[in-house]
Structure formats: C-alpha cells, structure tokens
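Asker: only the shape, not the letters, is given here:
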C-alpha cells in the first residue's frame, strides 16, 4: 500500500478570527499582521465570552466544506478555554500553541485547523512566528515531536486513515432534518431520559447524570417560579429549550436567558427564577447539589410579578 507524503502547504484562502476580552489585543494585532503582511482575507468575529466566541469559530470551521483551506484563529488569556469549546464541534481541531514547535507538531500530527494563542504568555512578535509556522507546516511533515525526521510508514498509514476517522468522532451518524436535537451533543444527552419530580419546587423535574461534581438535566413548566435560594457550591447552566429569567439578588442583577445562553452563579449567591415557557437546561454544580431557601413560594411569586410588571 502506497503511503502519501507531505507536500508544500498552501496558505489558507481565509482565516476566521475571534477572542475573549483577555485576548482581544493580541487578536487585533494578528488580524492586522495577516491583512498587511500575509495578504490573507480575514473574517474578524470580534470579541466575546471565551465559550461563545470559540463556539462561533468552531461552528464555522466545522460547517466549512473546505476545512483544510479555511483556518481558525482564537485568543484568550491562556489559549486553553477557547480550544476546549472550539473542539466541541466535529471537524474543528483546535490546538493551543505556545511555541513554533507546538504549531508545527499540531499541524504535522493532528492536521489542526484552529490555532489558539495565550495572550498572557505570548508577545505579539512571538505570536506572528507561531502563526507563520502553523500556516506553513504541511500535514505529516517532519516535526519536533519526531526529532524533525520523516515519519515511519506505520505512522504515515495511521495519519492517512485519521483524516477520515477523526472528524467522525462525536459526530451524529445520521443527522435527522426533522429532529435537530440529534446533531446537538447536549440535547442528545437529555433525549429519552426519564426525569423525576423535584419535591422542593412545584413544576420542576430533574435527572441527575453525575453525582458530585453534580451534573443534571432539569425541566420546568411554563409559569414555574423558584423561590429565592442559594447553594453551597457554584453552578453553571446552559439553556437547551425555552426561556427563563434569573434574578441574582446578591449581585442585584437580572439575566434573561434563551436557548444557547450560559450562566454561572457563584456559591452562596441568592437567586430567584421564573420560567416564561416550558424550559429545559443542563446544569453542573462545582460539588454536591443542595438547596437552601431564602423565601417562601408566595413571596417569590409576588416578587416576580412585581418585577415583570414594573
């Protein structure tokens, strides 16, 4: 069986860039460098929370029909957060690169198509060199991980197969146009699961997926109200269906959440919730789940009504 060998790596036809606030300055520098020195078109998605900006870049790379010629660029404080979220999308392969060696290894071994930078540890000039190494390195080329020697035939065979096999890992086998949840990893997690009543709050059901650190899928009926309460541990959630409002009474903040929105509530923060529609969400606590009420149900309903009509 003939084994393919690396050839010169053509520059990408486009780069899709984004950053969180910690990486915004470095991203802006690199975007300007790409446009002025490399003459490669850039879609600059701007600045956003690391999970959402990374998801935007990951989604575009994942859905691209020419993923090998369109490259993603992400910047955050460490480069790790944006990599984690971008890699949730099949066909998006993000690598945090702190050196040119990292960049060459990522392209040679993993055929990475998104490069993530640490703004806290990478000066602009070094980032330019890392980006250049990332863009110019062909897949399967000699790299520092192999002492800059050509890959042996058995590794080349593995790498050849991986181009077809790795994009399928985590991807739905047959996405259904009639059921979009089949293409969403979080929605698949909850599909067909039996949820049990939450005895503490009317209208709520929950399925514990993992105990401490506790993860769960939770569903509330439209009109349900969670009285003001707090937990021993902080928790984060992402809305999969419906619409809800959360009042963080400790911070005097209100959050109106819809499908896809994310919220973190720190340990001990007192918060009240109302569900405007039938709503389902995935939630994870930083430890074991518990709940301590700071008001009764009637007081909560009056407070919600007053807040919604004011």
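Answerer: Yep, it's here. It should be emphasised that the depicted structure is a prediction, and the values quoted were computed from it without experimental measurement. Residues are numbered from 1 along each chain as shown.

Asker: now the strands for the stretch 201-310 of the chain?
Answerer: 204-210, 215-220, 225-230, 235-241, 243-248, 253-258, 262-265, 271-275, 279-285, 292-293 (DSSP state E, counting those that start in this stretch).

Asker: pick the most deeply packed of those.
Answerer: When the strands of the stretch 201-310 of the chain are scored by mean count of other CB atoms under 10 Å, the highest mean neighbour count falls to strand 271-275 (a mean of 22). The way it works is simple: take the backbone N, C-alpha and C, and place the C-beta from them, glycine included.

Asker: that one packs against which elements?
Answerer: strand 225-230, strand 243-248, helix 297-309 (3 or more CB pairs under 8 Å, 6 or more residues apart in numbering; DSSP states H and E).

Asker: adding distance to residue 255, write the ones you listed out as JSON lines.
Answerer: JSON lines is the format used below for the helices and strands packed on strand 271-275 (distance: least, CB to CB, whole Å):
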{"stretch": "strand 225-230", "distance to residue 255": "13"}
{"stretch": "strand 243-248", "distance to residue 255": "5"}
{"stretch": "helix 297-309", "distance to residue 255": "13"}
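
Asker: before we move on, the earlier item: and the strands of the stretch 201-310 of the chain as CSV, adding distance to residue 113?
Answerer: Shown next, in CSV, are the strands of the stretch 201-310 of the chain (distance: least, CB to CB, whole Å):
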stretch, distance to residue 113
strand 204-210, 31
strand 215-220, 30
strand 225-230, 42
strand 235-241, 25
strand 243-248, 35
strand 253-258, 30
strand 262-265, 25
strand 271-275, 39
strand 279-285, 27
strand 292-293, 47
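
Asker: is it possible to get TSV of the ones you listed that adds mean pLDDT and distance to residue 23?
Answerer: Formatted as TSV, the strands of the stretch 201-310 of the chain follow (pLDDT from 0 to 100; distance: least, CB to CB, whole Å):
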stretch	mean pLDDT	distance to residue 23
strand 204-210	89	31
strand 215-220	92	28
strand 225-230	95	33
strand 235-241	94	21
strand 243-248	95	27
strand 253-258	94	24
strand 262-265	95	18
strand 271-275	96	30
strand 279-285	93	25
strand 292-293	94	38
